[in-house]
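> Give the three-dimensional model of this entry:
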Amino acid sequence: MNERDLKSIKVVYVDDEMSNLTAFKSNFRRFYTVETFINPTEALEWLDENEAHVVISDQRMPVMQGTEFLGILYEKKPDIVRMLLTGYADIKAVIDAINVGHVFRYITKPWHEHDMRTAIESAYEMYRLKKENAELLRKLQRINEQLEFMYRQSILS
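Residues are numbered from 1 along each chain as shown. Modelled structure (predicted):
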């Protein structure tokens with residue numbers, strides 16, 4: 001992807017530690033459009049009104065766990081690709097991430113810029129392909145309806 005295409009990727013990062021938010025934004029704002037939130041509730045409110053392609057959430061936060069946040073997001077906006085980030089090896093979090101949050105990827109802290117960029121761009125590609133497939137399915141359904149109409153017309157004639 002070229003720089004202009006990368007900048008069109010909208011990433012939301014949620015973490016209860018301001019230093020992590022600052023580091024993430026300073027590392028990735030030159031590549032992507034980045035929004036950061038210290039509170040998952042505020043992130044959900046923002047996402048109700050704004051578009052995002054990729055959402056990354058820390059797991060352990062005081063307001064709600066990352067898996068809970070991602071599960072709520074999945075119910076509201078299933079097309080957004082979700083990733084869970086944590087510094088703790090917690091098998092329950094991994095299971096919940098898959099079953100509740102429907103995460104695309106589970107990333108451990110500390111993250112490395114190259115690995116995170118690869119994950120974000122892969123997540124965006126997943127988002128883009130899901131949208132493209134949905135549009136192709138709509139077109140196919142319209143064609144099918146037209147063919148059915150033409151078939152019925154030929155029978156009646």
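
> Find the nearest non-adjacent residue to Gly101, please.
When the adjacent residues along the chain are set aside, Gly101 lies closest to Leu70, with 3.0 Å between them (C-beta to C-beta, 6 or more residues apart in numbering). All C-beta spots, glycine's among them, are computed from the backbone N, C-alpha and C.

> count of residues packed around that neighbour?
The burial metric for Leu70, expressed as a neighbour count using other C-beta atoms under 10 Å, is 28.

> ok, now the one 5 residues further on?
Other residues near Glu75 number 9, with proximity taken as other C-beta under 10 Å.

> give me phi/psi at it?
Comment: the main-chain dihedrals of Glu75 come out as phi -60, psi -40, following degrees, to the nearest 10.

> Pretty sure Gly101 sits against Gln59.
No. The criterion here is C-beta atoms under 8 Å, and Gly101 misses it with Gln59 at 9.6 Å.

> Between the two, which contacts overlap?
Taking C-beta atoms under 8 Å, 6 or more residues apart in numbering as the contact definition, Gly101 and Gln59 share the neighbouring residues 66-67, 84.

> By neighbours, which of the residues you listed wins?
Neighbour counts for the shared contacts of Gly101 and Gln59, by other C-beta under 10 Å, peak at Gly66, which reaches 29 neighbours.

> before we move on, back to that, closest one of the shared contacts of Gly101 and Gln59 to Trp46?
The nearest member of these to Trp46, counting by C-beta to C-beta, is Gly66 at 16.4 Å.

> contacting residues around the closest one?
Neighbouring residues of Gly66 by C-beta under 8 Å, 6+ apart: 14, 40, 57-60, 84-86, 93, 97, 101.

> repeat that for 7 Å
57-59, 84 (C-beta atoms under 7 Å, 6 or more residues apart in numbering).

> Report the separation between it and Lys109.
In this view, Gly66 and Lys109 are 12 Å apart by C-beta to C-beta, to the nearest Å.

> try Ala123
As judged by C-beta to C-beta, Ala123 and Lys109 stand 17 Å apart.
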